[in-house]
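> Pasting the sequence and the predicted coordinates here, then a few questions.
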Amino acid sequence: MIMREFLDGNEAVVKAALKAGCDFFAGYPITPATSILLGMMQNIKGIAIEGEDELASIGMCIGASMSGKKVMTATSGPGMSLYSENLGLAIMGEVPLVIVDSQRLGPATGSATKGAQSDIQFVRWGTSAGIGVIALAPSNAEECYYLTLKAFNLAEELRCPVFVMLSKEISTTKESVDLAKYDHIKISKRKGNKDRKSYRPYSIRKSSDIPPFSEIGGKNIVRFTTSSHDEDGYLTKDKKKISDLIMHLNNKILSRRDHLGIYGKDLEKGAKTLLISYGDTTRTCNDAVLHLRKDKKKISHLALKTVWPIQERCITKCLGGIKRVIVPELNIGQYVSSVERIVKKHRSTIKVESLTRVDGEPMFPEQVIKACR
């Protein structure tokens, strides 16, 4: 059955969150994410709160999640800056949480009504310790729906924050979306604790394991702290336990790097140039590739939907015969350095080029076409 709706990216996020069973939302109005807050307040079968600020909003989300709710928040660049400390808490406490970041041109308040990909490095490195994170980047309204569903599943399965990276253009552009196309996606639930007597809040057997979840206020005693802790949740200064904790938080993400990879490949035999895009620039590159091929120019395109953890194996497999990699971005070149590190590690002779636009306008296919000639 085809179930098409005319939605913008923010509306698609709301519908996906409701489909995933989100029953708690907190956020603060901010352009261009405000319509997500409004949509959740109008439609949620649970609680939706307009917090007094971003600090309060994400704090409420963390508390609600640890109490057993399925949680989402939405903001933009300035809000992400205020979220930073509590994002660290969510990582340390292994809190299932979906954060939608509808990016705009920064820094600081920046240009509130201009789109950009300003927060790509911030979500990866915006908290202390540099623990690996999951960030998904849709390029259109349909992908907003699909990747928000995926974000909820990953947050629940891995007990971690998951970012969905939109932008002003994606948030506000309306498109025809077939929601029924994704009815096959099974909605994940947290792995709970079955043995009440032996429950330890952060008990794992190996570093990449996910500790079983028990809600605060439930049948088990749950200790929750922002400090380094042992398997019982007690603050610890034991060197081995601290090291094991940090490695666990990182390994549970990075050990699943390949499993987390979502991307689209459009590889042409004999191509010497590879475009690597994410988010907004994916559609630009799709159009550019069509025009270049009409002009008999061989070109390959890798469209990343999983931005973090970076898909090293996928990128490496696309490098056969390639002499030049171009990374188009609506920022000063935040992602290209990570791509270059991988490319140079495996094929040191390949030239990696950054293609940027930072005036708040979309990147047009003509700019990509010119760079590829």
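Great, that's in hand. Numbering: from 1, shown residues only.
> What mean pLDDT does the lengthiest strand in the chain get?
The single longest strand within the chain, with elements called by DSSP state E, is strand 97-105. What strand 97-105 shows for mean pLDDT is 98.
> helices or strands up against it?
helix 9-20, helix 54-66, strand 71-75, helix 77-92, strand 111-115, helix 141-158, strand 161-167, helix 168-172 (3 or more Cβ pairs under 8 Å, 6 or more residues apart in numbering; DSSP states H and E). (Glycine included, C-beta is placed from N, CA and C.)
> which other residues reach the second one?
Right, helix 54-66. If you take Cβ atoms under 8 Å, 6 or more residues apart in numbering as the criterion, helix 54-66 is touched by 24-28, 30, 47, 49, 51, 71-73, 75, 78-79, 82-83, 85-87, 89-90, 93, 95-97, 99, 215-216, 222, 224.
> again with the fifth one
Taking contacts as Cβ under 8 Å, 6+ apart, the residues outside strand 111-115 that touch it are 31-32, 103-105, 167-170, 280, 330, 359-362.
> try 7 Å
Applying Cβ atoms under 7 Å, 6 or more residues apart in numbering, the contact partners of strand 111-115 are 31, 104-105, 167-169, 280, 330, 360, 362.
> One more: the last one?
If you take Cβ under 7 Å, 6+ apart as the criterion, helix 168-172 is touched by 8-10, 32-33, 102, 104, 113-115, 138-140, 144, 279-280, 362.
> If you go by neighbour count, which of the contacts of helix 54-66 are buried?
Buried residues within the contacts of helix 54-66, counting neighbours by 16 or more other Cβ atoms under 10 Å: 24-28, 30, 49, 51, 71-73, 75, 78-79, 82-83, 86-87, 89-90, 93, 95-97, 99, 215, 222, 224.
> if we can go back for a sec, mind giving me the ChimeraX select for the contacts of helix 168-172, buried ones only?
Selection of the buried residues among the contacts of helix 168-172 in ChimeraX, burial being defined by 16+ other Cβ under 10 Å:
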select :8,9,10,32,33,102,104,114,115,138,139,140,144,279,280,362
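> how close does residue 217 get to residue 22?
20 Å (Cβ to Cβ, to the nearest Å).
> Who has more neighbours out of those two?
residue 22 (22 against 10; other Cβ atoms under 10 Å).
> Can you mark which positions in the helix or strand hosting residue 289 are buried?
Per DSSP states H and E: residue 289 is located in helix 280-294. Within helix 280-294, the residues scored as buried using 16+ other Cβ under 10 Å are 280-286, 288-289, 292.
> Among those, list the two that are farthest apart in space.
Greatest spacing in these, by Cβ to Cβ: 280 and 292 (19.1 Å).
> quick one on the thing from earlier: for residue 198, find the nearest of the helices and strands packed on strand 97-105.
helix 54-66 (20.4 Å).
> check contacts around the residue nearest to the spatial centre of the chain.
Residue closest to the average C-alpha location in the chain (Cα atoms, centre = their mean): residue 135, at 2.1 Å. Contacts for residue 135 (Cβ under 7 Å, 6+ apart) come out as 123-124, 163, 165, 307-308.
> part of a helix, is it?
No - going by DSSP: H, G, I helix; E, B strand; the rest coil, the assignment for residue 135 is strand, not a helix.
> What separation do you get for it and residue 307?
For residue 135, the distance to residue 307 - Cβ to Cβ - is 5 Å.
> next one: residue 246
Residue 246 is 23 Å from residue 307, by Cβ to Cβ.
> more crowded one of the two?
The neighbour comparison of residue 246 against residue 307 (other Cβ under 10 Å) goes to residue 307, with 24 against 16.
> Now do the helix or strand hosting residue 340, average pLDDT.
In the assignment (DSSP H and E), residue 340 maps to helix 336-346. The average pLDDT within helix 336-346 is 97.
> next helix or strand past it?
Remark: after helix 336-346, the chain's next helix or strand is strand 351-356, criterion DSSP H and E.
> how far off helix 280-294 does that next one point, in degrees?
120 degrees (axes from the mean of the first three to the mean of the last three Cα atoms, to 10 degrees).
> Tell me the buried residues in the helix or strand just after strand 351-356?
Beyond strand 351-356 in the direction of the C-terminus, DSSP H and E gives the next helix or strand as helix 365-372. Within helix 365-372, the residues scored as buried using 16+ other Cβ under 10 Å are 365, 367-369, 371-372.
> can I assume residue 147 is in contact with residue 141?
No - counting by Cβ atoms under 7 Å, residue 147 stays clear of residue 141, with 10.9 Å between them.
> distance between the longest strand of the chain and the chain's centre?
Centroid displacement of strand 97-105 relative to its chain, using Cα atoms, centre = their mean, to the nearest Å, is 8 Å.
> How about stretch 224-238?
So, by Cα atoms, centre = their mean, the centroid of stretch 224-238 is 27 Å from its chain's centroid.
> Much appreciated, bye for now.
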